[in-house]
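Trainee: Give the three-dimensional model of this entry:
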Amino acid sequence: MSVLLQPHRCLPEDGCAGTLIGRAWVPQESGPSVVVVEEAGVFDISTAAPTVAGLLNADDPVSVVRAAPRDRRLGDAAALLANSAVEAQDTASPWFLAPVDLQAVKACGVTFAASLLERVVEEQCRGEPQRAGEVRANLAREIGVNLAQVEPGSEAAAQLKTVLQRQGLWSQYLEVGLGRDAEVFTKTQPMASVGIGADIGLHPASRWNNPEPEVVVAADARGRVRGATLGNDVNLRDFEGRSALLLGKAKDNNGSSAIGPFIRLFDESFGLADVRSAELDLEVRGGDGFVLTGASSMREISRDVLDLVNQTIGGHHQYPDGFVLFLGTLFAPTQDRDEPGEGFTHKLGDQVIIRSRKLGALVNRVNRSDLAAPWEFGSLALFDNLARRGLLGKA
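Mentor: All right, here's what the predicted structure looks like:
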């Protein structure tokens, strides 16, 4: 994986032209620091912004970053990226972490028509991948309309719902894909997400799973979107397909939330329009020589970014530390990997690369959740570490 963790692969196409913030583990501090990534190097700005959550809640995060002292250079981006590869990590040198800390980690599901149909496939397969091909063909024939052309919550969507109910085809996934209310769930706990170069985790009992490349927006406590990054909303198709009540077990396991490489703050070089038009490329490289490619276009999302944000935060729910929100994926792999008709599933050691022009690349290796490094540094550890460094009052 180390060969993939190079600046020309992982930084945005325009390099450090934007305001790129992240987090790095700093061995000398026995803890994490907020960093800014620039042409001149990676700088620890924790004296100005001890936490990413606090930075994004500032009145003007970009001004805070630009005014922060550059007196603590941790190295260049190439060195930290190379040392982020979990299989070759020098624990005496800094490496990148997920660029989020105290924020809630939320996610939206079924926001693209193609993935909507695949969720219905999972449901009707009851977690058995060998039935997927037959179920997929039957659904396409029976539904008979292009769901991408149906606006969620519209009169046309309501009429389609009535027709599908009469045919016995209505589903909980069609409800959130076409109905008024979006699916918004808690992906994982604050501090639990892994960053670039880390192992992503699959529940050891899962036999049918896939990556989910997504744009992740970062919002403050008032719901203002401050920037964006990339995410892998690792999905267990067999668990969730057996029962929607297994969503928590399907979505929240050790290493199952990957975010990074950096949050690109909204500034003169990058904004909401770039999020709305973002194109994501996915590549999975297996040790068996298998290669899977795919793409996800934010232009095809069925709900606007701000609609999803507003369905997450408001009078019904507050997030005083802010939140990050996975926006969903168009990608739903159907390519057979082993047995005909069973589609794609991960194998241990797969390398997953998610790229977008203005956000860079998030690279991870697939492992089992019980074999990946355990999550041990949580919010209490962070507060203790910041207190020992004299930064707690500034967080």
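Trainee: Start from the N-terminal end of this protein and give the helices.
Mentor: 7-10, 52-56, 61-67, 77-82, 113-125, 132-143, 155-166, 172-178, 237-242, 247-251, 272-276, 305-312, 379-388 (DSSP state H).
Trainee: To Arg207, which of those lies closest?
Mentor: helix 237-242 (5.7 Å; C-beta to C-beta). From N, CA and C alone the C-beta is placed, and that goes for glycine too.
Trainee: Which neighbouring elements make contact with the closest one?
Mentor: helix 113-125, strand 209-210, helix 247-251 (3 or more C-beta pairs under 8 Å, 6 or more residues apart in numbering; DSSP states H and E).
Trainee: for the residue nearest in space to the middle of the chain, what are its contacts?
Mentor: Of all residues in the chain, the one closest to the mean position by C-alpha atoms, centre = their mean is Gly231, 2.0 Å from it. Shown in contact with Gly231 (C-beta atoms under 8 Å, 6 or more residues apart in numbering): 213-216, 257-259, 324, 326, 354, 362.
Trainee: Tell me what Val36 is bridged to.
Mentor: Beta-bridge pairing for Val36 (DSSP bridges): Ile21, Phe43.
Trainee: Could you check how far it is from Arg388?
Mentor: With distances taken as C-beta to C-beta, to the nearest Å, Val36 is found 23 Å from Arg388.
Trainee: Compare those two (neighbour count), which wins?
Mentor: Using other C-beta atoms under 10 Å as the criterion, Val36 and Arg388 rank with Val36 on top: 23 against 12.
Trainee: In contact with that one, which residues?
Mentor: Val36 is in contact with 19-22, 42-43, 45, 65, 68, counting by C-beta under 8 Å, 6+ apart.
Trainee: distance between the ends of stretch 189-205?
Mentor: 22 Å (C-alpha to C-alpha, to the nearest Å).
Trainee: Show me which positions of that stretch end up buried.
Mentor: Applying a neighbour-count criterion of 16 or more other C-beta atoms under 10 Å, the buried positions in stretch 189-205 are 190-203.
Trainee: any idea which of the residues you listed is closest to Leu5?
Mentor: Distances from Leu5 to the buried residues of stretch 189-205, taken as C-beta to C-beta, are shortest for Gly197 (5.6 Å).
Trainee: residues near the residue lying closest to the closest one once chain neighbours are set aside, how many?
Mentor: Leaving out its chain neighbours, the residue that sits closest to Gly197 by C-beta to C-beta, 6 or more residues apart in numbering is Ser84, at 3.1 Å. Residues lying near Ser84 (other C-beta under 10 Å) number 26.
Trainee: need the contact list for Ser84.
Mentor: 5, 95-96, 195-198.
Trainee: try it again with 10 Å
Mentor: Counting by C-beta atoms under 10 Å, 6 or more residues apart in numbering, Ser84 makes contact with 1-2, 5, 10, 24-25, 94-97, 195-198, 260-261, 363.
Trainee: swap in His317?
Mentor: Here His317 is in contact with 104, 106, 184, 311, 323 (criterion: C-beta under 10 Å, 6+ apart).
Trainee: Could you report the distance from Ser302 to Leu178?
Mentor: 8 Å.
Trainee: Would you check that Gly241 makes contact with Gln172?
Mentor: No. Between Gly241 and Gln172 there is no contact under C-beta atoms under 10 Å: 11.7 Å.
Trainee: Tell me which of these two has more neighbours.
Mentor: Taking neighbours as other C-beta under 10 Å, Gly241 and Gln172 compare with Gly241 leading, 25 against 14.
Trainee: Can you read off the pLDDT for the residue of the chain most remote from its centre?
Mentor: Farthest-out residue of the chain from its mean C-alpha position, per C-alpha atoms, centre = their mean: Arg166, at 36.6 Å. Looking at Arg166, its pLDDT is 74.
Trainee: From the contacts of His317, which land in strands?
Mentor: Using DSSP state E, the members of the contacts of His317 that fall in strands are 104, 106, 184, 323.
Trainee: need the contact list for the first one.
Mentor: Okay, so that is Ala104. 53, 186-190, 219, 312-313, 317, 319-325.
Trainee: Report the buried members of these.
Mentor: The neighbour count (16+ other C-beta under 10 Å) marks 53, 187-188, 190, 219, 312-313, 319, 321-325 as buried among the contacts of Ala104.
Trainee: Redo those as a markdown table? Include pLDDT and distance to Leu371.
Mentor: Below are these laid out as a markdown table (pLDDT from 0 to 100; distance: C-beta to C-beta, whole Å):
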| residue | pLDDT | distance to Leu371 |
| --- | --- | --- |
| Ala53 | 98 | 30 |
| Lys187 | 97 | 21 |
| Thr188 | 98 | 18 |
| Pro190 | 98 | 24 |
| Ala219 | 98 | 33 |
| Thr312 | 98 | 33 |
| Ile313 | 98 | 36 |
| Tyr319 | 98 | 32 |
| Asp321 | 98 | 31 |
| Gly322 | 98 | 32 |
| Phe323 | 98 | 30 |
| Val324 | 98 | 26 |
| Leu325 | 98 | 29 |
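Trainee: Outline the domain layout of the protein.
Mentor: 2-109+182-394, 115-178 (automatic domain parsing).
Trainee: which of the ones you listed sits most buried?
Mentor: domain 2-109+182-394 (a mean of 20; mean count of other C-beta atoms under 10 Å).
Trainee: for the closest residue to Gly201 other than its chain neighbours, what are its contacts?
Mentor: Once flanking residues are discounted, Gly201 sits nearest to Gly255: 2.9 Å by C-beta to C-beta, 6+ apart. Going by C-beta under 10 Å, 6+ apart, Gly255 touches 188, 192-194, 198-202, 232, 234, 364-375.
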